[in-house]
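Asks: Need coordinates for the following:
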Amino acid sequence: MSFDEKFLALSSTPPSSFNITLAPIRNLDGCVYASGQVAMGPNGLLATGLVGQEVDLELAQVCAWQCAVNVLTSMQKALGSLDKIAYVARLGIYVASADNFSDQHLVAHGASQVILDVFGPEAGLHTRTAIGVKSLPLNSPVEVDAIFALLEK
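Replies: Next up, the predicted model:
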């Protein structure tokens, strides 16, 4: 059945439960998109809540650092080696922010530091977006996703 046929056959109402599988990474024309990772450490979330309320800037930066470590861990597992990466193209940093918090870019420095430490100033030089949001999965204060360019084979 074609995608068009499946789309036409789609019910006008959603199912009562969802059976979803997401890819940790997805390759698109030599670029790999890494799914978002929250601030999950070996003993669970490093913190929960809103940055600027329950979570201070310093802890939020540590959370962003852990998120980036988790992104690289998923990349390493999926690719077999980080050495298959040519350069880091983009980081997306999402910060669960209290109403008066506007230093999302400073939180993002935690994630950017991991990338620069691992890939260096050339391959690690990346674009970045830091966005304040109302909440994130599992009440994590930070989530990070990324786009990487792969070495040509």
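
Asks: Could you use CA atoms for every contact and neighbour count after this?
Replies: Noted.

Asks: neighbouring contacts of the longest strand anywhere in the chain?
Replies: When the chain is parsed with DSSP state E, its longest strand is strand 85-96. Taking contacts as C-alpha atoms under 8 Å, 6 or more residues apart in numbering, the residues outside strand 85-96 that touch it are 49-51, 64, 104, 107-108, 111-112, 115, 119, 122-136, 140-151.

Asks: In helices only, show me those residues.
Replies: 64, 104, 107-108, 111-112, 115, 119, 122-123 (DSSP state H).

Asks: From the chain's centroid, how far away is the helix or strand of the chain with the lowest mean pLDDT?
Replies: Lowest mean confidence among the helices and strands of the chain (mean pLDDT, DSSP states H and E): strand 25-28, at a mean of 78. The chain centre lies 14 Å from the centre of strand 25-28; the measure is C-alpha atoms, centre = their mean, to the nearest Å.

Asks: now stretch 26-39
Replies: 8 Å.

Asks: So for that stretch, what gets flagged as buried?
Replies: Across stretch 26-39, burial judged by 16 or more other C-alpha atoms under 10 Å covers 31-39.

Asks: Just the ones in strands from those residues, please.
Replies: Those of the buried residues of stretch 26-39 lying in strands (DSSP E): 31-38.

Asks: Tabulate these (JSON lines), appending pLDDT.
Replies: Formatted as JSON lines, these follow (pLDDT from 0 to 100):
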{"residue": "C31", "pLDDT": "93"}
{"residue": "V32", "pLDDT": "94"}
{"residue": "Y33", "pLDDT": "95"}
{"residue": "A34", "pLDDT": "95"}
{"residue": "S35", "pLDDT": "95"}
{"residue": "G36", "pLDDT": "96"}
{"residue": "Q37", "pLDDT": "97"}
{"residue": "V38", "pLDDT": "98"}
